[in-house]
Each structure stands twice: as structure tokens, then as C-alpha cells.
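Student: Generate coordinates for the sequence data below:
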Amino acid sequence: MAQQTEQRGSLSFENTEIAFRGKSNRDLDKAYWLFKIIGSNLLTKVGPPITNFALHIGLPITGLIRNTIFNHFCGGETIEGCVTAVNRLADQRVETILDYSVEGEDAEPVFDETCNEILRTIEYAQRNPHISFSVFKPTGLGRFALFEKVNAKIPLSKNEEQEYIRIKHRIDRICKACHNGNIRVLIDAEHSWIQDAIDDIARDMMRAYNRAAPVVYNTYQLYRTDKLASLQADYYLAETDGFFLGAKLVRGAYMEIERERAEARGYISPIQPNKEATDRDYNLAVRFCLDRINRIGMMAGTHNESSCRLLAEEIDNRQLSRNHPNIHFAQLLGMSDNLSFNLAEAGYQVAKYMPFGPVKAVMPYLFRRAQENTSVAGQTGRELSLITKEKKRRKLSK
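Tutor: Numbers count the residues shown, from 1 in each chain. Predicted coordinates for the structure are as follows:
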């Protein structure tokens, strides 16, 4: 067991001075109005098609997008353009996960370019100690429909077999580069009807590259009824086969889509019946990983205050180091700064997902995040209340 290190102080998620000390008054004002807009379900539903249409016909709205939602949730348009944001996080002891967030493409040249851009982020991370993780979305490296066919165990044509080999080769190149460069890599989760195929690839990558330490991390969406069992089964496989399990624990991002598809097609929804069941499995997964932390690399990817507090308290109660190499917290850039920066200030290891890419190409990602934000009960209201609290604190401190 790792030894307890000297702590920097007690943990409070209500400390807005720490949460927002990297933002100017103008930054706070912009964030306030941005979350006000995101909080409107009408805008998050109507906004994407209107914006896509405007971009398609060439209306000059790219600058507006760049100066509002893009600047808040993204680090820049290029790796080099993210340097300022990376350094700003590092000033507050927070690491960066560079996330090339181009989505919605479906062509082989684009998949190759995405792979190459991720490899460039890994190369850059080796020169920048503030970037400890890489990440990729499997459907950024191959066709969704092909993953779906493999997942359903439908025989592939010869061309499809070759195409699938290319997908696995792209993934292997990324995982191998991370292994050789001492950078950990997160494999993002997808919809349930392609996730089994991705899990199979993730296990192969862990078996190949997690022999000495957790390098490759698969993602477990605990809003699914079967994912706690999957986590446990993967751990026992790792223990038997002699590799480290890498596990990113999240609640999940596709609840409405999953339930609607299950109802439309007449099968039992894979989603938990309620939030309490999701919270229960998430917290059980946290404890399961901590019980086996010498064989598991764990990232708690969560904006849930209760789960963050639980993990922080468990680390201390078990007399683990707050900067244990196998334990990370993670949140998205531009969200839950009260969690990220207060955890980091107290000495825990925290990383922020930092999306980047050309404004137009990143728009599908930004729309998805905005819609997810409105679907999480209380998330937007919580952001607004914290910003308001900090604005009042600054006014009174003058």
C-alpha cells in the first residue's frame, strides 16, 4: 500500500475563490450567460440544426462560435493552440487530456487523419509533463456501421474484413505509441449496440500493453445494468492473465438514445431503472477498484460531487497517497471547476478533458456536450449558482 503523503489542506467543493481564480470578471460574465443559454432546452434542441445550416451555406458565424461556446469548452483549434490553456490548468495543479474532438465523419481518409492527429498529441505529450493522458473515440477511427455489424456477429465481406483490420491497426498504433512514450490512453465508450466489439479490442490492447503498468484504459458506463459485472470480469481476467486493468468510470452519456432504441426495437433497456441504481453501481465500482488498486489504474470521470467526495474520503481512509499514480479524477474543460480545482488544491490528481480541433469540425462534439449538460439534473443550475456566488464574493471583497 502506498504511504500517505503530506496533504495540502481540507477539501471543500464550495470554495469558489479556488474554483474560479483562473477566470477574470469578464470570463465569469461570459460563462454565466453561456450556461444560461445552454440551460434552455429549446436552444439546445433548435440551435444545432440552425447553426449547421448557417455553417453549410457560409454565413459568417464561426467567429461568434469561437468566442463563446468554443472558447469555453475547447482548448484551441490545434495542438499548439492549446498550449496557453494547458499551462493555465497546470498553474492550478491540474493535468490535461488532449482530446481531438472531430466527430460525425465517415470516410477512411478522415479516420487516418484522426489517427495521425492523435499520434501527434502523444508525441507532444512526451515533451509536456502537464499532459498525462491521451484519448480517442473508437468511431473517430472507423465506421459506426461496421462496429455495429461486428458487434452483432454478422459475417463481414472481404472488404469489410480488411476495413476492420485497418481500424484495429489504427487503435494499436495509438496504444503502442502511448506505451512507448509513457503516456496513458483512454478509450471512450460508445452506444451499447457497438460497445461489445470495442470492449474486445480494449482487452486485446490491455493484454498487449498493460503488462508493467496500466497504460490502456477502457471506459465503463455505470448507468448500464451490466457494467459493474463487466468491470469485475475484466479485472479477474487481468489478474489471471497477468496484466493491469485500466478503468475509466463514468455514469454514461446516451441514456435517452438507449432507452428510445430499446423501446422501439422491443428489447429490455440496458440502462439502470433510476439514478439511485446508477449511483449505487458507480460507487461500488469505485470501491472495487480501490480494493485492488495495485492491479488497477482508475480514472473517476465524473461531475457528481457525491462520488468525488466518496473517492477522496476513501483515499484518505485507506491511507493511500492523494497523488497515487493509479488514481485520477477527471472532468470536462469548462465544467465543474469547483470539483477539479478544489480537488487539485487538496493534493489529489486531477485531469481536464481538453477538446480541440477546427471550429466547424468540433461543432458536433459541442452540441452533444450542451445537450448532455441539460439532461443532467441540476448541472446547469449548479454551474450558474457557483458563478453567481463567486461574482458576489469578488464584489464584497473590493
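Student: Show the backbone phi and psi for Gly347.
Tutor: Here is the backbone geometry of Gly347 (degrees, to the nearest 10): phi 100, psi 0.
Student: try Arg184
Tutor: phi -80, psi 150.
Student: Let me know the distance separating it from Met205.
Tutor: Noted for Arg184: a distance of 12 Å to Met205, by CB to CB, to the nearest Å. To be clear about C-beta, it is placed using only N, CA and C from the backbone, and glycine gets the same treatment.
Student: so what sits against both of the two?
Tutor: Residues touching both Arg184 and Met205 by CB atoms under 8 Å, 6 or more residues apart in numbering: Val216.
Student: Helices of the stretch 251-398 of the chain, residue ranges please.
Tutor: Remark: helices assigned in the stretch 251-398 of the chain by DSSP state H, counting those that start in this stretch are 255-265, 275-291, 305-317, 337-345, 359-375, 379-397.
Student: what's the angle between the fourth one and helix 305-317?
Tutor: Here the directions of helix 337-345 and helix 305-317 differ by 10 degrees (axes from the mean of the first three to the mean of the last three CA atoms, to 10 degrees).
Student: Any chance you could list what contacts helix 337-345?
Tutor: Helix 337-345 has contacts (CB under 8 Å, 6+ apart) with 8-9, 11-16, 18-22, 92-94, 303, 305, 308, 312, 329, 331, 350, 352, 386.
Student: Make sure I have this right: Leu98 is in a strand.
Tutor: Yes. Assessed with DSSP: H, G, I helix; E, B strand; the rest coil, Leu98 lies in a strand.
Student: which ones are touching it?
Tutor: Gly75, Ile79, Cys82, Val86, Thr121, Tyr124, Ala125, Ile131, Ser134, Val135, Met354, Phe356.
Student: For it, give the beta-bridge partners.
Tutor: Counting by DSSP bridges, Leu98 is bridged to Ser134, Met354.
Student: do the same with His328
Tutor: Residues in beta-bridge contact with His328 (DSSP bridges): Met299.
Student: so where's the stretch 1-150 of the chain shaky on pLDDT?
Tutor: The stretch 1-150 of the chain contains residues with pLDDT under 70 at 1-9, 40-61, 64, 103-104.
Student: hang on, the earlier thing: can I get the buried ones among the contacts of helix 337-345 as something I can paste into PyMOL?
Tutor: Those of these that count as buried under 16 or more other CB atoms under 10 Å are selected in PyMOL with:
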select buried, resi 11+13+15+16+18+19+20+92+93+94+303+308+312+329+331+350+352+386
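Student: for the protein, what's the longest helix?
Tutor: Counting residues, the longest helix in the chain under DSSP state H turns out to be helix 158-181.
Student: quick check: mean pLDDT across the helix or strand sitting right after it along the chain?
Tutor: Using DSSP states H and E, the helix or strand that follows helix 158-181 towards the C-terminus is strand 184-187. Taken as a whole, strand 184-187 has a mean pLDDT of 98.
Student: hmm, back to that, where strands are concerned, which of the contacts of Leu98 count?
Tutor: With strands taken from DSSP state E, the overlap with the contacts of Leu98 comprises Ile131, Ser134, Val135, Met354, Phe356.
Student: quick one: contacts of the helix or strand containing Asn116?
Tutor: Here Asn116 sits within helix 108-125, counting by DSSP H and E. By CB under 8 Å, 6+ apart, the list of residues contacting helix 108-125 from outside reads 79, 98, 100, 102, 105, 131-132, 134, 136, 140-142, 163, 166-167, 170, 173-174, 177-178, 181, 183, 185.
Student: Just the buried residues of these.
Tutor: 79, 98, 100, 102, 131-132, 134, 136, 140-142, 163, 166-167, 170, 173-174, 177-178, 181, 183, 185.
Student: Near Cys74, how many residues? Count them for me, please.
Tutor: 25 (other CB atoms under 10 Å).
Student: what does the one 3 residues further on give?
Tutor: By the measure other CB under 10 Å, the count of residues near Glu77 is 17.
Student: Asn128 now?
Tutor: Using other CB under 10 Å, Asn128 is surrounded by 17 other residues.
Student: What is the distance between the longest helix of the chain and the centre of its chain?
Tutor: 21 Å (CA atoms, centre = their mean, to the nearest Å).
Student: by contact count, what packs against that helix?
Tutor: Judged by 3 or more CB pairs under 8 Å, 6 or more residues apart in numbering; DSSP states H and E, the packing partners of helix 158-181 are helix 108-125, strand 131-136, helix 144-151, strand 184-187, helix 192-209, strand 216-221.
Student: and the direction of the last one versus that of helix 158-181, what angle?
Tutor: When you say that, I think you mean strand 216-221. With the same axes, to 10 degrees defining the directions, strand 216-221 sits at 110 degrees from helix 158-181.
Student: Pull out the buried positions in strand 216-221.
Tutor: So, applying 16+ other CB under 10 Å, buried residues of strand 216-221: Val216, Tyr217, Asn218, Thr219, Tyr220, Gln221.
Student: I'd like those residues as TSV, with pLDDT and distance to Asn67 appended.
Tutor: Output for the buried residues of strand 216-221, formatted as TSV (pLDDT from 0 to 100; distance: CB to CB, whole Å):
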residue	pLDDT	distance to Asn67
Val216	98	37
Tyr217	98	34
Asn218	98	36
Thr219	98	32
Tyr220	98	36
Gln221	97	33
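Student: thought Ile327 was touching Ile296?
Tutor: No. Checked against CB atoms under 8 Å, the pair Ile327 and Ile296 is beyond contact range at 9.3 Å.
Student: So Trp11, which state does it fall into?
Tutor: For residue 11 the amino acid is Leu, not Trp. Taking three-state DSSP, the label given to Leu11 is coil.
Student: So for the closest residue to it other than its chain neighbours, what's the pLDDT?
Tutor: Excluding its sequence neighbours, the residue lying closest to Leu11 (CB to CB, 6 or more residues apart in numbering) is Ala346, at 4.4 Å. Ala346 is assigned 96 on the pLDDT scale.
Student: about what we covered before: contacts for the longest helix of the chain next, please.
Tutor: Helix 158-181 has contacts (CB under 8 Å, 6+ apart) with 108, 111-112, 115, 118-119, 122-123, 125-126, 134, 136, 138, 141-143, 146-147, 149-150, 156, 183-185, 187, 201, 204-205, 208-209, 215-216.
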